[in-house]
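A.B. asks: I'd like to go over a predicted model; first the sequence, then the structure.
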Amino acid sequence: MALQLGDFVAALGGELHGDATLAIEGLAPLESAGPSHLSFLSNPRYQPQLQASQAGCVIVAPAMRDAALARGACIVADDPYVYFARSTQLWKRAHARPPGPAIHPSAVIDPEAVLGEDVRIGPHCVVERGARIGAGTVLKARVHVAEDCSIGARCVLHPGVVIGADGFGFAPSPQGFVKIEQLGAVRIADDVEIGANTCIDRGALADTVVEEGVKIDNLVQIGHNCRIGRHTVISGCTGIAGSATIGAHCMIGGAAMILGHLTIADRVSISAGSFVARSIGKPGLYTGIFPIDDNASWEKNAATLKQLHTLRERLKALEKKL
């Protein structure tokens, strides 16, 4: 079912320049969009793509209004990326298939679990004794919520998520490792989204906590007793060891490694692949494996590192002359 341009503006606001009755048959990137597509431009560096685009309409910021009008129809919005995100939500609602049963027949729900209103639970999910699921939360296929764990309202857990498996705790002894029973749980606040096959371990004594609005990508491991601050985003394949505390509004790049018992301040960004071996007390962008540092210092050291072989050869040549 096609939407018209006017439908987007009526639902989301914005300033339309163009034919409100233009049928939109999909959303697409600038480079591949056709005359029946809605696209967006959020970064001015891609303005050349704007001029070449065949999109039926492009969402742009006020500063790009004239450039967009020179090409064709546009919707002017204060934040084109957010407007595009809301457009995808509108499109999905308009094209949603009729919902199946709220709880799939193959799901296993313990009688002592508590489900809020409008919870949806997909195939082969398991919700154990004492677990609590908030209103409007969606568990997709094969999600496992272990005993006594709680999930807030309007959360989305993608296939294969495991909430509340035992944390990795063993005490060494002469006879081998002795398991430390994990007596805490996991508490997840409202509006959290967790990607496929991500694992969040239950606490050893206190609970593991994920605060409101956190977004976690696929294949992330969060160890026992961690605390993830509100509205932090964590990209795929990141590993966070036990008892780490991550602040609010942080951004953690893919495959980052964060050691346990560290504290990371609010509004810290960690570049992909970085190894965090110490606490970070100030907001900013941090990068690196050798070791992590503020981004400007890391770039200087990285540039020097690339010259080490040349400097070594020059030093050897100088030593021969002495």
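C.D. replies: Thanks, I have it.
A.B. asks: which residues does the closest residue to Ala55 other than its chain neighbours contact?
C.D. replies: Residue nearest to Ala55 in three dimensions, not counting chain neighbours: Ala33, with 3.6 Å by Cβ to Cβ, 6 or more residues apart in numbering. Heads up, the C-betas are built off the backbone N, CA and C, glycines and all. By Cβ atoms under 8 Å, 6 or more residues apart in numbering, the residues touching Ala33 are 39, 53-56.
A.B. asks: how about Ala255?
C.D. replies: Contacts of Ala255 by Cβ under 8 Å, 6+ apart are 235-238, 272-273.
A.B. asks: so who does Lys282 touch?
C.D. replies: Lys282 is in contact with 265, 268, counting by Cβ under 8 Å, 6+ apart.
A.B. asks: again, but for Glu25
C.D. replies: Here Glu25 is in contact with 2, 36-37 (Cβ under 8 Å, 6+ apart).
A.B. asks: do that again at 10 Å, thanks
C.D. replies: Listed by Cβ atoms under 10 Å, 6 or more residues apart in numbering, the contact partners of Glu25 are 1-3, 34-38, 56.
A.B. asks: number of nearby residues for Asp66?
C.D. replies: 10 (other Cβ atoms under 10 Å).
A.B. asks: which helix or strand contains it?
C.D. replies: Per DSSP states H and E, Asp66 falls inside helix 65-71.
A.B. asks: so which residues make contact with that helix?
C.D. replies: When contacts are defined by Cβ under 10 Å, 6+ apart, helix 65-71 is touched by residues 15, 17-18, 41, 44, 47, 50-55, 57-61, 74-76, 80.
A.B. asks: now intersect these with the helices, please.
C.D. replies: 47, 50-52, 80 (DSSP state H).
A.B. asks: can I get the buried part of those residues as one ChimeraX selection?
C.D. replies: In ChimeraX syntax, the buried subset of the ones in helices among the contacts of helix 65-71 is picked out as below (16 or more other Cβ atoms under 10 Å):
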select :47,50,80
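A.B. asks: adding pLDDT and distance to Cys226, write the ones in helices among the contacts of helix 65-71 out as TSV.
C.D. replies: Listed next are the ones in helices among the contacts of helix 65-71 as TSV, based on pLDDT from 0 to 100; distance: Cβ to Cβ, whole Å:
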residue	pLDDT	distance to Cys226
Gln47	89	42
Leu50	93	42
Gln51	91	47
Ala52	93	46
Pro80	97	35
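A.B. asks: what's the closest of the ones in helices among the contacts of helix 65-71 to Gln182?
C.D. replies: Proximity of these to Gln182 (Cβ to Cβ) peaks at Pro80, which lies at 45.4 Å.
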